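Asker: prediction below, plus the sequence it came from.
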Amino acid sequence: SAVISQKPSRDICQRGTSLTIQCQVDSQVTMMFWYRQQPGQSLTLIATANQGSEATYESGFVIDKFPISRPNLTFSTLTVSNMSPEDSSIYLCSVDLGIDLGDTQYFGPGTRLTVL
Amino acid sequence: GQQLNQSPQSMFIQEGEDVSMNCTSSSIFNTWLWYKQDPGEGPVLLIALYKAGELTSNGRLTAQFGITRKDSFLNISASIPSDVGIYFCAGQLTALSGGSNYKLTFGKGTLLTVNP
């Protein structure tokens, strides 16, 4: 598996502001993913972030609202822009370690965001 | 799009009892994954299944990949208080084709409560 850390672990923000969430992995990975988990709900994929290419967004998520950076093989950021209370969720990054390690996804601890 | 039906939504059991939960899909997956999420944490991978009909164990946990590729179950034997949490199934279309096929589709989760 991989050791994945996220910063911040939680934050309380005012509506209209933006928050950037960081995801750090202890090994080089090609594929990283960002998920949203709304209160009491399951996980929904926001986007796939591969190093060296633009992030691919799922239906219902747009780059202007959730810009993503992937500057290298161990790091990614997700920004939640112009926040509203509806953005209150847990945001999780995950990594796929590749076919040699089972091609399964491992998750970070999450960032719990509350928007007032 | 693909949808996963996970049942039951919640379970209340006594310590020592066995537990079974399952997921069914409207379409085929090539990989089934089972995760457990504790409060305030990210999902932790429990078992990964890669082949139709595969039966895999991890300690007291046993999971099977349905022969039709449209379902999977997870059994927990002799439950203990630390088994409390939310269990998610997730399906992945394929590990080989790349791109959006790496996307995980999650079930809605099963909340397990174990009474000591």
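Answerer: Sure thing, it's come through.
Asker: wait, isn't residue A:115 in contact with residue A:81?
Answerer: No: applying CB atoms under 8 Å as the test, residue A:115 and residue A:81 come out as separate, 11.7 Å apart. Using the backbone N, CA and C atoms, a C-beta is placed for each residue, glycine as well.
Asker: so those two - more neighbours on which side?
Answerer: Between residue A:115 and residue A:81, counting by other CB atoms under 10 Å in any protein chain shown, residue A:115 is the more crowded of the two (19 against 16).
Asker: so who does that one touch?
Answerer: Listed by CB atoms under 8 Å, 6 or more residues apart in numbering or on different chains, the contact set of residue A:115 reads A:12, A:13, A:14, A:15, A:83, A:84, A:85, A:86, A:87, A:88.
Asker: show me where chain A has strands.
Answerer: Along chain A, the stretches classed as strands by DSSP state E are A:4-7, A:10-13, A:19-25, A:31-37, A:43-50, A:56-57, A:68-72, A:75-80, A:89-96, A:105-107, A:111-115.
Asker: nearest to residue B:113, out of those?
Answerer: strand A:31-37 (19.8 Å; CB to CB).
Asker: so where is chain B shaky, pLDDT-wise?
Answerer: By pLDDT under 70, the weakly predicted segments of chain B are B:1-2, B:94-101.
Asker: how about the strands in it?
Answerer: B:4-7, B:10-14, B:19-25, B:31-37, B:44-49, B:55-58, B:61-65, B:71-76, B:85-92, B:104-106, B:110-115.
Asker: between the fourth one and strand A:31-37, how big is the angle?
Answerer: Orientation check (axes from the mean of the first three to the mean of the last three CA atoms, to 10 degrees): strand B:31-37 against strand A:31-37 gives 50 degrees.
Asker: tell me if strand B:31-37 is near chain A.
Answerer: Yes: judged by CB under 8 Å from any CB of the partner chain, strand B:31-37 and chain A are in contact via B:31, B:33, B:35.
Asker: show me which of those residues is closest to residue B:14.
Answerer: Closest approach to residue B:14 among these (CB to CB): residue B:35, at 24.2 Å.
Asker: and for the residue nearest to the closest one when sequence neighbours are not counted, the neighbour number?
Answerer: Using CB to CB, 6 or more residues apart in numbering or on different chains and skipping the chain neighbours, the partner closest in space to residue B:35 is residue B:43 (3.7 Å). By other CB under 10 Å, the residues close to residue B:43 number 30.
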